[in-house]
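In: only geometry, no sequence info:
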């Protein structure tokens, strides 16, 4: 089963310095039918204006994966970590027993990022933060694992969950296939650029697809496309 979730049906908020699209209930956007999807708790597409950002916030027991798509974000936390995550980079914050962090756009132009929240397998673990740069063409033509808690995904940023976050980029007419990890799984895919089909379902730019009871996905690009996929426990 693949349920298309059109961009126009998603949650939206605008605060002047901050624009966000919520694929699941989050903050001021509440929809009982879209509380979470398996272990996936949140999927937010965020744009921050220059010289703006979030003051220190405390999080516990959540894996937060941030994929920067435009500009850069600067991270600071109470573990002493500080880093600049640029377009094409991915950062992971494992909040564990508690981590207070701030995120800022200190650049001259807007910053755009996708932030994905996943439930951890265990609670109260020591918090951590990490960042990795992926080559611009590393996901061209195939799915590339960005963050994972699944054995064998050593090249990805580690998370404390039986889950993966992956990226794929395709030229118009190209296709790529993904096979879900074993067991009862759910997937969530977002067409972050361009139009595509996932199995027999068409997605427009910005649409999401909630996936269950599927073992394999075939993504076919109708335009030059980029997409992100989360594969989690059901």
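Out: Right, received. Where do you want to start? In this text, all values refer to a predicted model and were calculated from it rather than measured experimentally. Numbering: from 1, shown residues only.
In: From here on, just use CA atoms for contacts and neighbour counts.
Out: Fine.
In: so who does residue 19 touch?
Out: 12-13, 46-48 (C-alpha atoms under 8 Å, 6 or more residues apart in numbering).
In: so it is in which element?
Out: strand 18-22 (DSSP states H and E).
In: Then residue 223?
Out: Counting by DSSP H and E, residue 223 is part of no helix or strand.
In: got it, and the one 4 residues further on?
Out: When elements are assigned from DSSP H and E, residue 227 belongs to strand 225-233.
In: same deal with residue 43?
Out: Counting by DSSP H and E, residue 43 is part of strand 40-48.
In: Tell me which strands the strand holding residue 19 pairs with, and in which orientation.
Out: Neighbouring strands of strand 18-22 in its sheet, by DSSP bridges, are strand 11-14 (antiparallel), strand 40-48 (antiparallel).
In: So how do I select the buried members of the contacts of residue 19 in PyMOL?
Out: To isolate the buried ones among the contacts of residue 19 in PyMOL, judged by 16 or more other C-alpha atoms under 10 Å, type:
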select buried, resi 12+46+47+48
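In: residues near residue 152, how many?
Out: 8 (other C-alpha atoms under 10 Å).
In: how near is it to residue 183?
Out: 16 Å (C-alpha to C-alpha, to the nearest Å).
In: do residue 65 as well
Out: In terms of C-alpha to C-alpha, residue 65 sits 23 Å off from residue 183.
In: more neighbours, these two?
Out: Shown here are residue 65 and residue 183; by other C-alpha under 10 Å, residue 65 has more neighbours (24 against 10).
In: Quick check: the more buried one is in a strand.
Out: Yes: the assignment for residue 65 by DSSP: H, G, I helix; E, B strand; the rest coil puts it in a strand.
In: residues contacting it?
Out: 90-93, 115-117, 147 are the contacts of residue 65 under C-alpha under 8 Å, 6+ apart.
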